[in-house]
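>>> Structure for this input, please:
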Amino acid sequence: MLIRIDQSSSVPLYEQFAASVRGAIADGSVVAGERLPSARDLASSLDLNVHTVLRGYQMLRDEGLIELRRGRGAVVSADASVRGRLQEAVRGLVAEARRHGLSAADLLDLVKKEMT
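From the prediction side, this is the model:
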């Protein structure tokens, strides 16, 4: 799994970290049940604060992509690849909607119509 962090980017470091892990899940580089490196090891190798990595892991946990287990660390959840692909698709959709000036309400209406 390759994690890219751009220290000069305006995107917060924890979001960049989470996006890299999310991308690895979406493209199958990491699979369900796979144990991810410890926050301490990642922080050291990426030259980040351990709390930055933990915040990224918590973000991924909240999205349902990983499970955080005391003593076992971060583990990719069973349905992570599907959720990861959907999350990436949604991010792309939201970005496209913003480029075209659609409001959140308009975008939600379009999605709701597709779901029915």
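>>> which secondary element of the chain has the worst mean pLDDT?
One helix or strand of the chain scores below all others by mean pLDDT, DSSP states H and E: helix 80-99, with a mean of 84.
>>> Next one: Val94 from Val75, what distance?
To Val75, Val94 is 28 Å away according to Cβ to Cβ, to the nearest Å. C-beta: built from backbone N, CA, C; applies to glycine.
>>> Could you pull up the residues touching the spatially most central residue of the chain?
By Cα atoms, centre = their mean, the mean C-alpha position of the chain lies nearest to Arg22, the distance being 3.6 Å. Residues in contact with Arg22 (Cβ atoms under 8 Å, 6 or more residues apart in numbering) are 60, 63, 65, 84, 87-88.
>>> before we move on, back to that, for the very next helix or strand once past the least confident helix or strand of the chain, packing partners?
Per DSSP states H and E, helix 80-99 leads on to helix 104-115 as the next helix or strand towards the C-terminus. Packing contacts for helix 104-115, counted by 3 or more Cβ pairs under 8 Å, 6 or more residues apart in numbering; DSSP states H and E, involve helix 80-99.
>>> pLDDT weak spots in this protein?
81 (pLDDT under 70).
>>> now with 80?
Where the chain drops to pLDDT under 80, the residues are 1, 71-72, 79-85, 87.
>>> Show me what counts as buried in stretch 103-116.
Leu107 (16 or more other Cβ atoms under 10 Å).
>>> So what touches that stretch?
Residues outside stretch 103-116 that contact it (Cβ under 8 Å, 6+ apart) are 93-94, 97, 102.
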